[in-house]
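# no sequence for this one, just the structure:
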């Protein structure tokens, strides 16, 4: 899978990418990809190339036999769920003046 888009995290302002999961949802992931060894008891959570979330051990080298995947940004973001995100800019709504149509 390739990055569907790149953006900046609104909590920590780090550059992130989005990968599609097997459920068809986009998950924010850290850039770049990491090498990992699958391990059901591993301490790391990785989004593999098929869009599945798996457990494993991240290998910071480039050892043979390791697989490539992405670290979900939910895990590595230092501010996610720890503070309120900045408010999104909403367009200003005009007041509803339809009552003037009825003479009120």
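All right, it came through fine. Just so you know, these numbers come straight off a predicted model, no measurement behind them.
# and the closest residue to residue 62 other than its chain neighbours, how many neighbours does it have?
In this structure, residue 62 finds its nearest non-sequential neighbour in residue 35, 6.2 Å apart by Cβ to Cβ, 6 or more residues apart in numbering. The way it works is simple: take the backbone N, C-alpha and C, and place the C-beta from them, glycine included. Neighbours of residue 35 under the rule other Cβ atoms under 10 Å: 18.
# can you pull the phi/psi pair for residue 35?
Dihedral pair for residue 35: phi -90, psi 140, per degrees, to the nearest 10.
# now swap in residue 65 and tell me
Torsion angles at residue 65 (phi, psi; degrees, to the nearest 10) stand at phi 90, psi -10.
# give the contact list for residue 31.
The contact partners of residue 31, by Cβ atoms under 8 Å, 6 or more residues apart in numbering, come to 3, 6, 15, 16, 17.
# what pLDDT does it get?
With respect to pLDDT, residue 31 has a value of 88.
# what's the weakest-modelled helix or strand in the protein?
The helix or strand of the chain with the lowest confidence, counting by mean pLDDT, DSSP states H and E, is strand 5-8 at a mean of 82.
# ok, the helix or strand harbouring residue 45: who's next to it in the sheet?
If you go by DSSP states H and E, residue 45 is part of strand 44-48. Within its sheet, strand 44-48 is paired with strand 53-59 (antiparallel), strand 67-70 (antiparallel), according to DSSP bridges.
# I appreciate the help and will end here.
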